[in-house]
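1. I'd like to go over a predicted model; first the sequence, then the structure.
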Amino acid sequence: MADQTHVLFVEDDDVIREATQLALERDGFAVTAMPDGLSGLEAFRANRPDIALLDVMVPGLDGVSLCRRIRDESTVPVIMLSARADSIDVVLGLEAGADDYVTKPFDGAVLVARIRAVLRRFGHANGAQAEEAGQGSSGGVLTFGELEIDTEGMEVRRAGQPVALTPTEMRLLLEFSAAPGTVLSRDKLLERVWDYGWGGDTRVVDVHVQRLRTKIGQDRIETVRGFGYKLKG
């Protein structure tokens with residue numbers, strides 16, 4: 001049991017909650033399932049799970065607000081579950097600090113694949129959080145103006161002050177810093193940072209870039225319209 005990945009699952013629909021919990025447990029996960037946001041927050045604080053799956057529309061404390069609460073306390077990976085792919089809730093969840101989202105109704109195998117992809121990025125699967133991030137980086141400390149990136153210690157400073165990044169934000173920054181001045185397309189970033197081997201929603205990239213800009217400087221990452229983004233050297 002100690003080696004199992006612990007999933008916090010917050011979903012108010014009894015049928016979906018129970019069926020998904022059973023499916024995840026069959027795949028080897030330990031699951032704590034809660035029917036509302038307030039009990040989900042209590043469970044998060046009590047159990048400190050490895051990953052959280054949060055439905056957007058849950059009573060008491062909605063999934064977006066719960067994500068913000070979790071992000072205030074932890075960098076644990078968060079996947080939002082949304083009933084509509086085009087819902088504003090998707091963007092709100094990502095802006096609140098979620099790392100990814102899955103549209104309902106979802107296939108159990110797809111959900112498991114997305115969970116494992118997120119966990120790989122966070123180092124839970126192989127114990128090497130940034131081993132594959134920032135391909136092409138020579139290690140050590142990289143400097144871009146007032147921005148310093150310690151690619152070995154996984155630390156970032158801006159004007160000498162530490163910058164707190166989530167693991168997804170760190171991987172995104174490492175990809176940019178590995179090739180400063182080179183335009184990286186949204187599809188390429190989805191492949192490298194989110195482990196998407198297929199087309200994904202580029203809003204995930206756009207929102208994370210915006211979040212990263214607020215932390216390292218709005219002008220540090222440049223938008224190249226029609227192509228993608230690049231880090232200014």
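-> Here it is on my side, so go on. Numbering: from 1, shown residues only.
2. Backbone torsions only: list them for the residue most central in space within the chain.
-> The chain has D99 as the residue nearest its centroid, 2.0 Å off, counting by C-alpha atoms, centre = their mean. Torsion angles at D99 (phi, psi; degrees, to the nearest 10) stand at phi -90, psi -20.
3. wait, it sits on T75?
-> No: contact status for D99 versus T75: not in contact, 9.5 Å apart, counting by C-beta atoms under 8 Å. Glycine gets a C-beta too; all of them are placed from N, C-alpha and C.
4. Are there residues contacting both of these two? Which ones?
-> T166 (C-beta atoms under 8 Å, 6 or more residues apart in numbering).
5. Can you give me the domain assignment for the chain?
-> Listed domain ranges for the chain are 6-122, 141-231 (source: automatic domain parsing).
6. So what's the gap between the last one and the chain middle?
-> Translated: domain 141-231. Centroid separation between domain 141-231 and its chain, computed with C-alpha atoms, centre = their mean, to the nearest Å, is 13 Å.
7. Same question for the first one.
-> Offset of domain 6-122 from its chain centre (C-alpha atoms, centre = their mean): 11 Å.
8. so how far does it reach from one end to the other?
-> 14 Å (C-alpha to C-alpha, to the nearest Å).
9. Quick one: mean pLDDT over that domain.
-> The pLDDT scores in domain 6-122 average 92.
10. And for stretch 222-233?
-> 92.
11. Between the two ends of stretch 49-61, how far is it?
-> This stretch, stretch 49-61, spans 19 Å end to end (C-alpha to C-alpha).
12. Go through that stretch and flag the buried ones.
-> Neighbour-count burial for stretch 49-61 flags P49, D50, I51, A52, L53, L54, D55, V56, M57, V58, G60, L61 (criterion: 16 or more other C-beta atoms under 10 Å).
13. Output these as JSON lines; include the columns secondary structure.
-> Shown next, in JSON lines, are the buried residues of stretch 49-61 (DSSP: H, G, I helix; E, B strand; the rest coil):
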{"residue": "P49", "secondary structure": "coil"}
{"residue": "D50", "secondary structure": "coil"}
{"residue": "I51", "secondary structure": "strand"}
{"residue": "A52", "secondary structure": "strand"}
{"residue": "L53", "secondary structure": "strand"}
{"residue": "L54", "secondary structure": "strand"}
{"residue": "D55", "secondary structure": "strand"}
{"residue": "V56", "secondary structure": "coil"}
{"residue": "M57", "secondary structure": "coil"}
{"residue": "V58", "secondary structure": "coil"}
{"residue": "G60", "secondary structure": "coil"}
{"residue": "L61", "secondary structure": "coil"}
